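Q: Requesting a structural model of the entry that follows:
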Amino acid sequence: MSNRPRPKGTGKLVQADGARHARIWGVGGYRPERVVPNSEIVERIDSSDEWIRERSGIVSRRIAAPGETVVDMSEAAARDALRAAGIDASQLGAIMIATVTHPYQTPAAAPILANRLGSTCAAFDISAACAGYCYGISLANDMVRGGSAEYVLVVGVEKLSDFTDYDDRGSAFIFGDGAGAAVVGPSDSPGIGPTIWGSDGEKWQTISQREPWTQFHTWDGPAPAGAAIDQAPAAVSGIDRDWPAIGMAGQSVFRWAVWGMAPVAQQAIEKAGITIDDLDAFIPHQANMRIIDAMIKQLKLPADIPVARDIAETANTSAASVPLATERMLRQHEIPSGGLALQIGFGAGLVYAAQVIVIP
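A: Next comes the predicted model:
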């Protein structure tokens, strides 16, 4: 046997064998039991049910119970999606949770969900606000096709009631709680079109948490920017229990969503190799009914194509918005299995993502 050292650079890696294509095999959803109509919100913001409906299209929203967590809602939606897909959690290669309201910086919600489902697969959270689910679908598509996972569970979930200022006339009525999930797996034909996504970080203050966690304490006066928890005069137990609220510049968001996102949606259609007449459904982020209507006009969407309007009874659930709307349309037989749907998410960051999918 030769003692000569093997020359560097002669080793070869084995390429993982992935599926040629991927698609969504099942969608699930969870809506908390408590229904909160506009009438329960209007008094604190000196408003009316009519004003809220005209401004946003929202009639009611679902609010999670005090002890109900992001993981609890994720589990319910995930089990629903797994049943719809006809697979067991043991077959999952990865779990992604898109959320901005899990109250822990670490650990992520996904590993806890994986444990509840009896899985030890790869598990991680992604923070892309209202675009989080569409980001997750794109990543899952790449993972299945790249060979790093056969099946991927993507969950969009929010408990926005914890981050809502119910005295803010501009945002008190907008948010709701809930979870939606999808199982992405191998397919013999294309089931997820190319994703058009991006960000505009220059406008990050348009939709944002009002204060960073480092400034949210009970001592007199604001904490210095970037202050660590151990620099605070108060102990950890002295942190204000009311979490920082999410605020937004409504008119700026409206203009960006309508004029900026319609071209993104159009690009997703073109990249998928279809025309708008080929669509069987349009499932936009449920941010505001007026935004949805304006996008329909911008896209020149045919009048007979079903459009998701889940916002009326679910409000804006951020990352859960698109999968919850999809689940409702499937459950109520508004859209055909095997048809084509354009989905788009957009929100804080500012971030966005759009793709055409085959309806599960």
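
Q: If I follow the layout properly, D188 ends up in contact with V358?
A: No: using C-beta atoms under 8 Å, D188 makes no contact with V358, being 11.3 Å away. Quick note: C-beta positions are derived from backbone N, CA and C, even for glycine.

Q: These two: which is more packed in?
A: V358 (20 against 9; other C-beta atoms under 10 Å).

Q: burial measure for the residue nearest to that one when sequence neighbours are not counted, as a count.
A: Among residues not flanking V358 along the chain, G191 sits closest, at 4.2 Å (C-beta to C-beta, 6 or more residues apart in numbering). Here the count is done by other C-beta under 10 Å, and G191 has 23 residues near it.

Q: now do P190
A: 17.

Q: And it, how far from E68?
A: 38 Å (C-beta to C-beta, to the nearest Å).

Q: Tell me how far stretch 276-295 lies from the chain's centre.
A: 16 Å (C-alpha atoms, centre = their mean, to the nearest Å).

Q: what residues are up against the residue nearest to V358?
A: Remark: with contacts taken as C-beta atoms under 8 Å, 6 or more residues apart in numbering, G191 is in contact with H21, A22, R23, I24, I357, V358.

Q: and what of V154?
A: Each residue near V154 by C-beta under 8 Å, 6+ apart is listed here: M96, A98, Y133, G136, I137, L139, A140, A181, A182, V183, V184, P323.

Q: from those residues, which is closest to G11?
A: L139 (29.0 Å; C-beta to C-beta).

Q: Am I right that the closest one falls within a strand?
A: No: counting by DSSP: H, G, I helix; E, B strand; the rest coil, L139 is located in no strand; its state is helix.

Q: What sits closest to it if chain neighbours are left out?
A: M96 is the one closest to L139 (C-beta to C-beta, 6+ apart), at 6.5 Å.

Q: in a strand, that's where the one you found is, yeah?
A: Yes: looking at M96 with three-state DSSP, it is inside a strand.

Q: Tell me how far it lies from P186.
A: Distance from M96 to P186, by C-beta to C-beta: 17 Å.

Q: same deal with L279?
A: 24 Å.

Q: where in this protein is pLDDT low?
A: 1-7, 9-10, 201, 203-254, 256-257, 349 (pLDDT under 70).

Q: quick one: contacts for the most centrally placed residue in it?
A: In the chain, the residue lying closest to the centroid (C-alpha atoms, centre = their mean) is A319, at 1.8 Å. Shown in contact with A319 (C-beta under 8 Å, 6+ apart): 98-100, 128-133, 156-158, 345.

Q: again with A312
A: A312 sits next to G57, I58, V59, S60, M289 when contact means C-beta under 8 Å, 6+ apart.

Q: wait, isn't the first one in contact with A287?
A: So that's G57. No: G57 is beyond contact range of A287, at 9.9 Å (criterion: C-beta under 8 Å).

Q: higher neighbour count, these two?
A: More crowded of G57 and A287, by other C-beta under 10 Å: A287, with 27 against 19.

Q: Report the beta-bridge partners for V35.
A: Bridge pairing for V35 (DSSP bridges) gives the partners R62.

Q: all helices for this protein, in order.
A: 49-56, 70-85, 109-117, 132-146, 250-255, 261-271, 289-299, 311-314, 321-331 (DSSP state H).

Q: What about the contacts of V154, which one has the most neighbours?
A: Neighbour counts for the contacts of V154 peak at A181, which has 36 neighbours (criterion: other C-beta under 10 Å).

Q: isn't that one right next to S74, touching?
A: Yes: the criterion here is C-beta under 8 Å, and A181 meets it with S74 at 7.2 Å.

Q: Which neighbours do these two have in common?
A: Common neighbours of A181 and S74 (C-beta under 8 Å, 6+ apart) are V155.

Q: the more surrounded of L279 and P186?
A: Between L279 and P186, counted using other C-beta under 10 Å, the more crowded position is L279 (20 against 17).

Q: residues contacting the more buried one?
A: For L279, the contact set (C-beta under 8 Å, 6+ apart) comprises I269, L301, I305, L340, A341, L342, V356.

Q: State the distance from P37 to S318.
A: From P37 to S318 the distance is 21 Å (C-beta to C-beta).

Q: Let me see the contact set for I357.
A: Counted by C-beta under 8 Å, 6+ apart, I357 has contacts R23, I24, I137, G191, I192, G193, L340, A341, Q343.

Q: and the two most separated of the residues you listed?
A: I137 and L340, at 14.4 Å, using C-beta to C-beta across these.

Q: how does the protein divide into domains?
A: For the chain, automatic domain parsing gives the domain ranges 21-187, 196-204+246-358, 211-238.

Q: Nearest approach to K12 belongs to which of those domains?
A: Between K12 and the domains of the chain, the tightest spacing by C-beta to C-beta is seen for domain 21-187, at 16.5 Å.

Q: how many neighbours does I276 have?
A: Applying other C-beta under 10 Å, I find that I276 has 16 neighbouring residues.

Q: Just want to check the distance between the nearest residue to it once chain neighbours are set aside and D142.
A: In space, I276 comes closest to I269 once its chain neighbours are excluded; the distance is 5.8 Å by C-beta to C-beta, 6+ apart. To D142, I269 is 20 Å away according to C-beta to C-beta.

Q: Among the two, which residue is more densely surrounded?
A: I269 (22 against 17).

Q: I'd like the distance between that one and I137.
A: From I269 to I137 the distance is 16 Å (C-beta to C-beta).

Q: and if you look at R53?
A: Taking C-beta to C-beta, one finds R53 at 31 Å from I137.
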